[in-house]
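Chemist: got a predicted model here, sequence first, then my questions.
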Amino acid sequence: MARIRRLGIDELDPEVAARVAAEQRTPLEMAVGSIVGHRPDLAAPLSAYTRSLKNGLLPRRLVELVRLRIAFHNQCRSCMAIRYQDAVADGLTEALVCSLERPADASDLSQAEQVALRYADLFATDHLSIDDALYAALARYFTEGEVVELGLQVALFVGLGRLAATWHIVEDLPAAFQSTSAAPLTPWGNESVVVR
C-alpha cells in the first residue's frame with residue numbers, strides 16, 4: 001500500500017487531470033501522478049518537464065535501458081516493473097532487459113548504450129567518480145545536446161525513482177514486486193507491465 005494516499009481521478013485538479021489525460025490512464029500509469037496531485041502547482045511543471053524529456057533526442061530504447069538500470073540501483077519496485085510502450089516499439093525486449101544484469105559484458109547492447117549505462121551506474125552509485133574520460137567516451141557517441149539530455153534523464157530517474165521507492169506504490173504491480181521481502185529485486189527475470 002502506498003505510504004501517501006493516492007488521489008482518485010475525481011480528486012485531481014481538473015487542469016492537471018486534463019494535461020495528463022488521467023481519464024485514459026490505468027491506475028498503474030497514474031501511480032506517481034495520483035500522489036503528486038496533492039500539489040497541483042508542482043504536478044503541472046513536473047508533467048511538462050517529463051513530457052519534454054520524453055519528446056527528446058535520445059532513442060527510447062536507450063532511455064528505457066538507462067531507466068531500468070537506475071531502477072535496480074534505487075530498488076524502486078514500480079520503476080522496475082514497468083516498460084514503456086514507446087521503448088518496446090523502439091526494440092526493447094525482455095532479453096535485452098536481462099542484459100542489464102551485466103551491461104559491460106552484454107553483446108546485444110550497442111557501445112553507445114554501454115557507455116550511457118556506465119554513466120547511469122556511476123550517477124546512481126558514485127556520481128563524483130564521473131570524470132573527463134567518461135565524458136569523452138559519451139562524446140564519441142552523443143552530441144553535447146544529447147549528453148545534456150541524458151544527464152537530465154538520469155537525474156530525474158535517480159531522484160524521482162528514489163522518492164517513488166519511499167512512497168512504496170506497489171498495489172498495482174505484478175506479485176513479485178508486491179512481495180514484502182527485503183531481498184533486492186531486479187527488473188530482469190520478473191514479470192513486467194507495458195504502459196504508455
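Modeler: On my side now, so go ahead. For clarity, every value in this text was computed on a predicted model and none was experimentally measured.

Chemist: what helix or strand does the residue lying closest to residue 186 once chain neighbours are set aside sit in?
Modeler: Excluding the flanking residues, the one nearest residue 186 by C-beta to C-beta, 6 or more residues apart in numbering is residue 72, at 5.8 Å. For the C-beta atoms, the positions are set from N, CA and C on the backbone; glycine is no exception. Assigned by DSSP states H and E, residue 72 belongs to helix 60-74.

Chemist: who touches that helix?
Modeler: 56, 79-80, 83-84, 86-87, 89-92, 96-97, 100, 103, 109, 112-113, 116-117, 120-121, 123-125, 150, 153-154, 157-158, 161-162, 165, 186-187 (C-beta atoms under 8 Å, 6 or more residues apart in numbering).

Chemist: could you measure the residue most central in space within the chain against residue 87, distance?
Modeler: Central residue of the chain (C-alpha atoms, centre = their mean): residue 67, 3.9 Å from the mean position. According to C-beta to C-beta, to the nearest Å, residue 67 stands 8 Å off from residue 87.

Chemist: can you pull the contacts of the closest residue to residue 53 other than its chain neighbours?
Modeler: Using C-beta to C-beta, 6+ apart and skipping the chain neighbours, the partner closest in space to residue 53 is residue 153 (5.6 Å). Applying C-beta under 8 Å, 6+ apart, one finds that residue 153 lies in contact with 53, 56, 58, 63, 66-67.

Chemist: can you give me the strands in this protein?
Modeler: Here the chain has its strands, by DSSP state E, at 82-84, 193-195.

Chemist: which of those strands is buried the deepest?
Modeler: The highest mean neighbour count among the strands of the chain, using mean count of other C-beta atoms under 10 Å, belongs to strand 82-84: a mean of 21.

Chemist: partners of that one, with directions?
Modeler: Strand 82-84 pairs in its sheet with strand 193-195 (parallel), by DSSP bridges.

Chemist: what is the mean pLDDT for the partner strand?
Modeler: Average pLDDT, strand 193-195: 98.

Chemist: about what we covered before: now render the strands of the chain as CSV, adding distance to residue 138.
Modeler: Shown next, in CSV, are the strands of the chain (distance: least, C-beta to C-beta, whole Å):
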stretch, distance to residue 138
strand 82-84, 23
strand 193-195, 28
